[in-house]
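Novice: generate coordinates for the sequence data below:
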Amino acid sequence: MARTGHHRPRHVAIAVLLLAPAAGLLWVPWYAGAEPRLAGTPFFYWYQLAWVPGCGLCLLAAYALSDRDRHR
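Specialist: The predicted structure follows:
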């Protein structure tokens, strides 16, 4: 008998990791402001730039979680 739902928590985690950058960047009214500033840079800009490595880390984590399925 097949195990249904055995990989479900992992697939949910992968989906959350892949959707987090989109949700964090597409909801513009949340971060469309000048304050707080970081080294004189308005929040709008440094928030978006902070997501560049954040997206990379999310993708790396999602890949690491999905890579385990290929080796079995």
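Novice: only C-alpha atoms for contact and neighbour calcs from this point on.
Specialist: OK.
Novice: buried sites along the helix or strand bottoming out on mean pLDDT in the chain?
Specialist: Sorting the helices and strands of the chain by mean pLDDT, DSSP states H and E puts helix 43-70 at the bottom, at a mean of 87. Neighbour-count burial for helix 43-70 flags Phe43, Phe44, Trp46, Tyr47, Trp51, Cys55, Cys58, Leu59, Ala61, Ala62 (criterion: 16 or more other C-alpha atoms under 10 Å).
Novice: pull the distance from stretch 21-36 to the chain's centre.
Specialist: Offset of stretch 21-36 from its chain centre (C-alpha atoms, centre = their mean, to the nearest Å): 14 Å.
Novice: should've said stretch 36-44
Specialist: 22 Å.
Novice: can you check stretch 42-56 too?
Specialist: 12 Å.
Novice: cool, stretch 11-31 as well?
Specialist: Chain-centre distance of stretch 11-31: 5 Å, with C-alpha atoms, centre = their mean.
Novice: show residues contacting it.
Specialist: Stretch 11-31 has contacts (C-alpha atoms under 8 Å, 6 or more residues apart in numbering) with 43-44, 47-48, 51, 54-55, 58-59, 61-62, 65-66.
Novice: what about 7 Å?
Specialist: Here stretch 11-31 makes contact (C-alpha atoms under 7 Å, 6 or more residues apart in numbering) with Phe43, Phe44, Cys55, Cys58, Leu59, Ala62, Leu65.
Novice: in it, what counts as buried?
Specialist: The neighbour-count check on stretch 11-31 (16+ other C-alpha under 10 Å) flags Ile14, Leu17, Leu18, Pro21, Tyr31 as buried.
Novice: what helix or strand is the second one on?
Specialist: Right, Leu17. If you go by DSSP states H and E, Leu17 is part of helix 8-26.
Novice: same list, the buried residues of helix 43-70, but as TSV with distance to Arg10 please.
Specialist: Output for those, formatted as TSV (distance: C-alpha to C-alpha, whole Å):
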residue	distance to Arg10
Phe43	33
Phe44	33
Trp46	31
Tyr47	28
Trp51	23
Cys55	19
Cys58	14
Leu59	14
Ala61	11
Ala62	9
